[in-house]
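Participant: Quick one: sequence plus predicted model below, questions after.
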Amino acid sequence: MEEWSFPPSYNRDYFPAAGSRYWFPKRETMPPAEREQAILERLKQVTRYAYEKAPFYRRIWDQAGFHPDHLKSLEDFEEKVPVIAKTDLREAQARAPVFGDYLCIPESEIFHVHGTSGTTGRPTAFGIGRQDWETIANNHARIMWGMGLRPGDTVFVGAIFSLYMGSWGALSGAERLGCRCFPFGAGAGGMTARAAMWLDSVKPKGFYGTPSFALHLAEIARAEGFDPRSFGLKVMFFSGEPGASIAGVRDRIRAAYGAKVIDCGSMAEMTPFMNVSGSWESDEGMLCWQDIVYTEVCDPKTLRRVPYGQRGTPVYTHLERSSQPMIRLLSGDLTLWTDDAAPCGRSYPRLPQGIFGRIDDMITIRGENVYPSEIDAVLNQFPDYGGEHRIIITRERSMDELGVRVEATEELIERGADAVKAMREDCAQRLQKVLGLRAVVEIVPPDTFPRTDFKARRVIDDREVFRQMSETLRTSA
């Protein structure tokens with residue numbers, strides 16, 4: 001396969017023919033069985049490398065009775081190599097600060113340092129070597145070529161430039177692709193209005209950000225007197241949160257900007273995070289670019305691979321990273337995969353509905369499992385949905401209750417109480433049909449809830465307050 005070596009060494013001057021649909025035609029369209037044989041050989045290299053370089057993997061694999069010499073098939077890999085989780089990485093970094101004992105290069109060779117915010121625990125540090133940074137750039141350039149972007153196109157990066165890997169990964173890929181890069185960023189006060197001004201002035205072909213920010217930006221642009229369609233965007237690609245694969249959200253962004261909407265992104269730890277990504281022709285759902293990151297979709301309980309056509313959680317393995325390689329990292333997300341033929345002709349497995357959300361985000365209400373993305377999908381189908389909502393879970397008389405506060409458009413509010421009532425009842429009926437349980441819906445005026453330039457946080461679980469109160473009462477009694 002083209003330039004297939006480990007560690008990889010890409011030709012910086014390489015570009016496919018101008019009219020080519022594919023960056024690497026053979027790697028992207030080869031028969032899956034042939035690719036899997038090549039992936040097996042790569043896994044032998046990667047596991048041997050990690051076993052020799054990383055005490056973290058050597059310790060875990062010795063305890064599990066696994067050695068790289070045991071790999072004879074992909075089934076061996078999936079059955080014998082233990083799955084690791086983010087908690088394992090945090091413990092490794094506490095044990096061997098700051099990059100953990102799964103760092104496979106000398107610290108002096110680290111080129112970029114990124115990380116997680118650490119808002120829910122110890123932050124995770126990413127130490128990325130120069131060679132890996134070039135690999136990430138080449139991988140992302142290749143995938144962005146599949147999105148329809150070409151050298152000389154302007155790409156507007158509308159995401160926070162801080163610890164967040166999404167913005168940096170998009171920028172590195174655009175630079176390698178030879179694009180004109182506009183690292184605008186996001187997050188500071190007043191920046192959304194300025195983003196609309198710059199988009200109208202520069203007329204970029206590509207845009208990267210989160211779906212929430214794109215919808216917020218469209219609102220602000222209109223308020224500032226701009227038509228988002230006049231920005232001339234042709235390709236908008238997103239990560240950071242579910243949305244670009246949710247039909248209602250995707251359709252709202254398409255309608256606002258008149259652009260292709262492409263979902264991408266797995267985990268920051270797995271950067272090149274675009275290892276799951278749509279393409280120009282396969283713009284609904286995602287492809288698993290298996291020769292960059294090997295993806296398995298596994299049962300969340302058994303951690304065994306599920307057949308195509310079933311739901312599970314992705315488990316990822318780097319095939320081209322050498323500084324902090326992730327080998328069978330559990331994502332904790334939920335998706336469904338298939339091996340249906342992709343419209344773009346690439347022979348990768350597909351996630352036709354993208355990534356639904358994190359399993360941790362699942363809410364169990366009266367025995368029913370509810371994902372916030374399902375509620376997002378329902379609400380975004382309403383023409384008079386105002387763009388924001390809050391999901392509120394409470395407990396009344398020992399029974400869980402689901403409440404949804406939904407912003408409406410100014411036009412709906414002006415039509416009067418009957419129109420508001422009709423939307424409320426319609427929302428409640430559609431939610432009950434999709435979720436299998438009753439939801440109490442309240443329609444609220446536009447701009448009730450704050451907008452975000454980053455990932456939206458829409459769930460308020462008041463049951464925890466109820467639990468804490470109950471525990472206090474039991475203790476005091």
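Facilitator: Ah, there it is. Nothing here was measured: the structure is a model prediction, and the numbers come from that model. Residues are numbered from 1 along each chain as shown.

Participant: I'd say residue 101 and residue 89 touch.
Facilitator: No: between residue 101 and residue 89 there is no contact under CB atoms under 8 Å: 10.4 Å. The C-beta positions use only the backbone N, C-alpha and C, and glycine is treated the same way.

Participant: who's more crowded, those two?
Facilitator: Counted by other CB atoms under 10 Å, residue 101 and residue 89 do not tie: residue 89 has more neighbours, with 23 against 17.

Participant: what's the spacing between that one and residue 68?
Facilitator: Look at residue 89 and residue 68: by CB to CB, to the nearest Å, they are 21 Å apart.

Participant: Equivalent analysis for residue 415, please.
Facilitator: 67 Å.

Participant: same question, residue 222
Facilitator: From residue 222 to residue 68 the distance is 57 Å (CB to CB).

Participant: of the two, who's got more company?
Facilitator: Looking at residue 222 and residue 68 with other CB under 10 Å, you find the greater number of neighbours at residue 68, namely 19 against 13.

Participant: Tell me who's in contact with that one.
Facilitator: 44, 47-48, 51 (CB atoms under 8 Å, 6 or more residues apart in numbering).

Participant: tell me the domain boundaries of the protein?
Facilitator: Here the domain parsing of the chain from automatic domain parsing is 1-357, 362-476.

Participant: Just say which of the ones you listed is most tucked in.
Facilitator: Among those, ranked by average contacts under mean count of other CB atoms under 10 Å, first place goes to domain 1-357 (a mean of 19).

Participant: Quick check: end-to-end length of it?
Facilitator: 33 Å (CA to CA, to the nearest Å).

Participant: before we move on, what about stretch 329-338?
Facilitator: End-to-end for stretch 329-338, by CA to CA: 21 Å.

Participant: Determine how far it lies from the middle of the whole chain.
Facilitator: Centre-to-centre, stretch 329-338 and its host chain are 11 Å apart (CA atoms, centre = their mean, to the nearest Å).

Participant: and if you look at stretch 38-47?
Facilitator: Mean-position distance between stretch 38-47 and its chain equals 25 Å (CA atoms, centre = their mean).

Participant: Run through the neighbouring helices and strands of the longest strand seen in the chain.
Facilitator: Identified as the longest strand of the chain according to DSSP state E is strand 385-396. In terms of contacts (3 or more CB pairs under 8 Å, 6 or more residues apart in numbering; DSSP states H and E), strand 385-396 is packed against helix 211-223, strand 363-365, helix 372-379, strand 399-408, strand 459-461, helix 463-476.

Participant: Out of the ones you listed, which gets nearest to residue 1?
Facilitator: helix 211-223 (33.5 Å; CB to CB).

Participant: sorry, back to before: reformat the helices and strands packed on strand 385-396 as CSV; add mean pLDDT and distance to residue 171.
Facilitator: Shown next, in CSV, are the helices and strands packed on strand 385-396 (pLDDT from 0 to 100; distance: least, CB to CB, whole Å):
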stretch, mean pLDDT, distance to residue 171
helix 211-223, 93, 16
strand 363-365, 81, 35
helix 372-379, 86, 27
strand 399-408, 88, 33
strand 459-461, 83, 31
helix 463-476, 50, 38
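
Participant: Once you drop chain neighbours, what's closest to residue 89?
Facilitator: Of all residues not flanking residue 89 in the chain, residue 124 sits nearest, at 5.6 Å (CB to CB, 6 or more residues apart in numbering).

Participant: My guess is that neighbour contacts residue 114. True?
Facilitator: No: counting by CB under 8 Å, residue 124 stays clear of residue 114, with 9.4 Å between them.

Participant: Out of the helices and strands packed on strand 385-396, flag the one nearest residue 21.
Facilitator: Across these, closest to residue 21 is helix 211-223 (CB to CB), at 26.0 Å.

Participant: Centre of the chain to the closest one, how far?
Facilitator: On CA atoms, centre = their mean, the centre of helix 211-223 falls 20 Å from that of its chain.

Participant: which other helices and strands contact it?
Facilitator: So helix 211-223, by 3+ CB pairs under 8 Å, 6+ apart, packs with helix 191-202, strand 235-238, helix 247-257, strand 385-396.
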